[in-house]
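Enquirer: Next come a sequence and a model predicted from it.
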Amino acid sequence: MRYAILSDIHANLEGLIQVLHILRKESIDTYYCLGDIVGYGANPNECIEELRKVANVSLAGNHDWAAAGEMPLDYFNDFAREAVMWTRGVLTAPNRSFLGQLQLVLSDPSMTMVHGTLIHPEDFHYMCNSGDALETFEVMRTDVCFVGHTHVAGVFIRDGKGNIAGATRSVISLEKGNKYIVNAGSVGQPRDNNPKAAYCIFDTDAGQIEIKRVAYDAAEARRKILNAGLPPFLGERIMVGR
Ligand code: ZN
């Protein structure tokens, strides 16, 4: 099976369309999204509708639940709160109810998926270091877990002795006895100093996960953010990937 794993699209239609265009040539069997379809960008409805054409499952991100009115705004900083309020104002009723019913965790035989961490997924903690990763490693029942939320693509690997190492490699060959937490990065607002959209392909037959990047029309996404009256900073950051 070949899975495409997308995360943190953040209403960036240009990023999403480009990633889906590239994936059409990748013989993907199943598309999963790790959440935060909306928030920050100017095309929340369009992103939900494009994603729903292909994705088998999408998980809840903090921005999805907030836009649906399922999460208090005090979780968010000023820019994010402003974006949540803007998104609430433009979402269609069907899209709002779609976001409100998204699930927090998905487990299938090959992998577990969650937006933040497996420890109280409803609190949307950030997995930033090996200590954060340890808590999730201890409750994972599969060898591979995919996460998003930080917008920083990379992998934590725990070997058979329990040692955990973080890495930013783009090709991960799975080895027996190891466990892996892969951060799929962000389609629509990367924060790892690389403005290219990030996504993952997991080939279970080959035992390989690839974190891939693709350039897209970020200038157009920025122009739409400015035209929508969203904070200009949200347009600037997608140009530089921070
Ligand atoms: Zn996010």
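Expert: Alright, I've got the coordinates.
Enquirer: Do a quick rundown of the helices in the chain.
Expert: 13-23, 44-54, 62-67, 78-90, 93-100, 130-139, 218-227, 232-240 (DSSP state H).
Enquirer: For the protein, which residues are neighbours of the ion?
Expert: Contacts of the chain with the ion, taken as C-beta under 5 Å from the ion, map to 8, 36. Just so you know, the C-beta spots here come from the backbone N, C-alpha and C atoms, and that holds for glycine as well.
Enquirer: low-scoring stretches of the chain, by residue?
Expert: Nowhere does the chain drop to pLDDT under 70.
Enquirer: Most distant residue from the centre of it?
Expert: Distance to the chain centre peaks in the chain at Lys161, reaching 29.6 Å (criterion: C-alpha atoms, centre = their mean).
Enquirer: Tell me the spacing between it and Asn178.
Expert: Using C-beta to C-beta, to the nearest Å, Lys161 is found at 10 Å from Asn178.
Enquirer: now do Arg222
Expert: 40 Å.
Enquirer: who's more crowded, these two?
Expert: Neighbours were counted for Arg222 and for Asn178 using other C-beta atoms under 10 Å; Arg222 has more, 21 against 15.
Enquirer: Leaving out the residues flanking it, which one is nearest to the more buried one?
Expert: Among residues not flanking Arg222 along the chain, Gly235 sits closest, at 3.6 Å (C-beta to C-beta, 6 or more residues apart in numbering).
Enquirer: Would you confirm that that neighbour contacts Leu226?
Expert: Yes. Taking C-beta atoms under 8 Å as the definition, Gly235 is a contact partner of Leu226 at 5.4 Å.
Enquirer: how deep is the closest residue to Asn227 other than its chain neighbours tucked in, by neighbour count?
Expert: In this structure, Asn227 finds its nearest non-sequential neighbour in Ala42, 7.2 Å apart by C-beta to C-beta, 6+ apart. Neighbours of Ala42 under the rule other C-beta under 10 Å: 27.
Enquirer: Many thanks, have a good one.
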